[in-house]
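Peer 1: For reference, the sequence and a predicted model appear below.
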2 protein chains.
Amino acid sequence: MDGVSNIRYRETVKEIAERLLNSSGVIVSSHIEPDGDSIGCMVAMWRALRAKGINSYLIWEGEIPNRLKFVIENCEITKEEPRDYDTAIVLDSGDLNRLQPAFRNMLKNCRVVINIDHHKSNSMFGDINLVDVESSSAAEMALDLIEELGVELSFDIALPLYVGLITDTGNFSYANTNRKSHLTAIRLISVGVDPYIIHKVLNENKDIKFILLLGDALKSIKLKMGGKIAVIRITSKMLDDNKFDPREVNGFIEYARAVKGIDVAVLLREEDNKVKVSMRSKGKVDVNKIAMALGGGGHEKAAGCEVEGDIDSVERTILNHLEELMGSYK
Amino acid sequence: MDGVSNIRYRETVKEIAERLLNSSGVIVSSHIEPDGDSIGCMVAMWRALRAKGINSYLIWEGEIPNRLKFVIENCEITKEEPRDYDTAIVLDSGDLNRLQPAFRNMLKNCRVVINIDHHKSNSMFGDINLVDVESSSAAEMALDLIEELGVELSFDIALPLYVGLITDTGNFSYANTNRKSHLTAIRLISVGVDPYIIHKVLNENKDIKFILLLGDALKSIKLKMGGKIAVIRITSKMLDDNKFDPREVNGFIEYARAVKGIDVAVLLREEDNKVKVSMRSKGKVDVNKIAMALGGGGHEKAAGCEVEGDIDSVERTILNHLEELMGSYK
């Protein structure tokens, strides 16, 4: 952040803290299809408000991926509309459509909607918008607010924030990793968060069937268009054989992404009569264009869609789109 | 580090800097079977000494794994004995047996041998020993010395140090990750090191055959002893099919390590009439005992050995040893 943005950021954090301290009750939530950052900063913020004696509710009714369930353990989750609230904190969410309908309805009863996010695409839906695209995670921003509130940083608040930080930065390896990410880590480690234990809980509790499924998926990898595209396929049969929550396999696309010299990585996953498509661009190909043309979305470097049909025909469709798009860049 | 250790550490760093500034020439090297940290801190230290106008030589004649070759690019590597030197810096090396013979011989002609390392097992072979087991990497320690020398931290010095830092901490996720690791990262990022570019260079330049080989290896995974042991096998055929430098596949053991509930992960790799065995312990089993009994070594949690015989018989040998050892813990 430059100096001016930094001053504005700090002022907004202060303003949010004041509003929270003067609220009658706060509802806290985040986006559907939750990830480590959305769950982490939602849990931490709810705990911090409680620690400060602010009447607050963690609103959640969707599912939580297995590997992240430990983050939300021991939280009091509110599904019904609370009686007393006038303020909402929406974390890590680009727009209102990404929220659970029940929570979205509650926003109408709020005097103040606080929008805390780091996505470039944020639609600025809040009454107060703290949107900082240079923060690697919403967790980093939540920590700033928690400290501004004067809440003592406890292990129970730091742990979910750390999960948010490392999942959104890929353990400090993605392009968004910066000085602030590392400073945040230091603050969280200082109250007892153990990087190795979190790493083990997140990554070392695999069913052996998961490893076998990954083996199957990797064996399916193929290069297309003269090595410019790598495709990995996960068939229903592979998933059925191993009884997997399909959401757990989305990370497999990283293996296609790791192939030398490719421009685009594609993961195809069969589900009923549809195929879920994930795409990652390493170069100038805007994969969001293809996702949007097929009714999906995302952003330039990472996008996805669901296409009806069998896996072979969907693969052809995607490759045709890619061929056309990549031709247009020549 | 506690206060006293920290003062002693700082004093030793100062003493080393003084000796270097008063040397006629410095030879710099690290251990055989090089990893990111050994190569990284060796290159950085050599560049820093040169930048300070100290006559110095990077002594190396062994191979460098493909994925790490970029770290040593544009370095002037000395294979012959230099004419003018009286001081040696040995980095990241637990004992003299881990050095290349030619370099080890040169140590005899040095007035001062400086030993900079972070391994608990270090034999204190130097005239000055800077051994700090709380540093996650020798790179962290090398940076302290480079700053004490008053060398301006350039990108060319920071990059190899960053490679050392992230390879030895597993991107800030291993048990050795601490406040100092993150502070070091911040210092290195501040002169232009880009975490994402390094991540890409290290992890995203895979031949597709590598991904297929990983698929083959993962499909071989088996649980033994009621799920307490996970074994992955890499046969010569798998390697021949894909023409791989076998050193590149050592990381496959992490997939066995990730299986829920196991105590020990084992990787077996056929090579000629031998089998290379790697073992990782997640619990109380001291795998070094088995490695040592079979002529290898390592430490409690990670050890290895080479055993003659075919892969089936070697697997049986290892499992017998594990069964006995694990029985003894009951």
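Peer 2: Thanks, I have it. Values in this document were obtained by computation on a predicted structure and should not be read as measured data. Numbers count the residues shown, from 1 in each chain, chains lettered A, B, ... in the order given.

Peer 1: who touches stretch A:319-330?
Peer 2: Here stretch A:319-330 makes contact (C-beta atoms under 8 Å, 6 or more residues apart in numbering or on different chains) with A:224-225, A:228-229, A:231, A:263-264, A:266, A:284-286, A:289-290, A:293-294. All C-beta spots, glycine's among them, are computed from the backbone N, C-alpha and C.

Peer 1: Filter the residues you listed down to the buried ones and hand me the ChimeraX line.
Peer 2: Restricted to buried positions by 16 or more other C-beta atoms under 10 Å in any protein chain shown, the ChimeraX selection for the contacts of stretch A:319-330 reads:
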select /A:224,228,229,231,263,264,266,285,286,290,294
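
Peer 1: So which of the contacts of stretch A:319-330 belong to helices?
Peer 2: Judged by DSSP state H, these include A:Lys289, A:Ile290, A:Ala293 as members of helices.

Peer 1: Now the residue in the stretch 1-150 of chain A that chain B sits nearest to: closest residue in space, sequence neighbours ignored.
Peer 2: Across the stretch 1-150 of chain A, the shortest distance to chain B (C-beta to the nearest C-beta) belongs to A:Ser136, at 10.2 Å. Nearest non-adjacent residue to A:Ser136, counting by C-beta to C-beta, 6 or more residues apart in numbering or on different chains: A:Asn176, 4.0 Å away.

Peer 1: so the one you found makes contact with A:Ala138?
Peer 2: No. Checked against C-beta atoms under 8 Å, the pair A:Asn176 and A:Ala138 is beyond contact range at 11.7 Å.

Peer 1: For my notes, confirm the residue nearest to A:Ser136 occurs in a helix.
Peer 2: No. Counting by DSSP: H, G, I helix; E, B strand; the rest coil, one finds A:Asn176 to be coil, located in no helix.

Peer 1: And A:Leu91, how far from A:Asn66?
Peer 2: Here A:Leu91 is placed at a distance of 22 Å from A:Asn66 (C-beta to C-beta, to the nearest Å).

Peer 1: Over to A:Gly40?
Peer 2: For A:Gly40, the distance to A:Asn66 equals 16 Å [C-beta to C-beta].

Peer 1: of those two, who's got more company?
Peer 2: Neighbour count, other C-beta atoms under 10 Å in any protein chain shown: between A:Gly40 and A:Asn66, A:Gly40 has more, with 31 against 12.

Peer 1: quick one, what contacts that one?
Peer 2: Taking C-beta under 8 Å, 6+ apart, we find A:Gly40 in contact with A:Val71, A:Ser137, A:Ala139, A:Pro160, A:Leu161, A:Tyr162, A:Val163, A:Gly164, A:Leu165, A:Thr167.

Peer 1: Using JSON lines, lay out these together with pLDDT and neighbour count.
Peer 2: Below are those laid out as JSON lines (pLDDT from 0 to 100; neighbours: other C-beta atoms under 10 Å in any protein chain shown):
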{"residue": "A:Val71", "pLDDT": "97", "neighbour count": "25"}
{"residue": "A:Ser137", "pLDDT": "96", "neighbour count": "29"}
{"residue": "A:Ala139", "pLDDT": "98", "neighbour count": "34"}
{"residue": "A:Pro160", "pLDDT": "98", "neighbour count": "29"}
{"residue": "A:Leu161", "pLDDT": "98", "neighbour count": "30"}
{"residue": "A:Tyr162", "pLDDT": "98", "neighbour count": "28"}
{"residue": "A:Val163", "pLDDT": "98", "neighbour count": "28"}
{"residue": "A:Gly164", "pLDDT": "98", "neighbour count": "34"}
{"residue": "A:Leu165", "pLDDT": "98", "neighbour count": "32"}
{"residue": "A:Thr167", "pLDDT": "94", "neighbour count": "22"}
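
Peer 1: Columns distance to B:Lys200 on top of those, output as CSV?
Peer 2: Below are the contacts of A:Gly40 laid out as CSV (distance: C-beta to C-beta, whole Å):
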residue, distance to B:Lys200
A:Val71, 29
A:Ser137, 20
A:Ala139, 24
A:Pro160, 29
A:Leu161, 27
A:Tyr162, 24
A:Val163, 24
A:Gly164, 23
A:Leu165, 21
A:Thr167, 19
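
Peer 1: Look at A:Tyr9 and say how many residues are nearby.
Peer 2: By the criterion of other C-beta under 10 Å, A:Tyr9 has 18 neighbours.

Peer 1: oh, I was asking about A:Thr317
Peer 2: Applying other C-beta under 10 Å, we find 17 residues neighbouring A:Thr317.

Peer 1: which element is it on?
Peer 2: Using DSSP states H and E, A:Thr317 falls within helix A:311-328.

Peer 1: Buried residues in that helix, which are they?
Peer 2: Residues A:Ile311, A:Val314, A:Glu315, A:Thr317, A:Ile318, A:Leu319, A:His321, A:Leu322, A:Leu325, A:Met326 are the ones in helix A:311-328 that count as buried (16+ other C-beta under 10 Å).

Peer 1: what residues are up against A:Thr177?
Peer 2: Contacts of A:Thr177 by C-beta under 8 Å, 6+ apart are A:Ser136, A:Thr169, A:Gly170, B:Ile189, B:Pro195, B:Tyr196.

Peer 1: nearest residue to it other than its sequence neighbours?
Peer 2: B:Pro195 (4.3 Å).

Peer 1: Confirm for me that the one you found is in contact with B:His182.
Peer 2: No. Contact criterion C-beta under 8 Å: B:Pro195 and B:His182 do not qualify, at 12.0 Å.

Peer 1: hmm, back to that, any idea how far B:Ile311 is from the residue nearest to A:Thr177?
Peer 2: Counting by C-beta to C-beta, the separation of B:Pro195 from B:Ile311 is 39 Å.

Peer 1: That'll do, ta.
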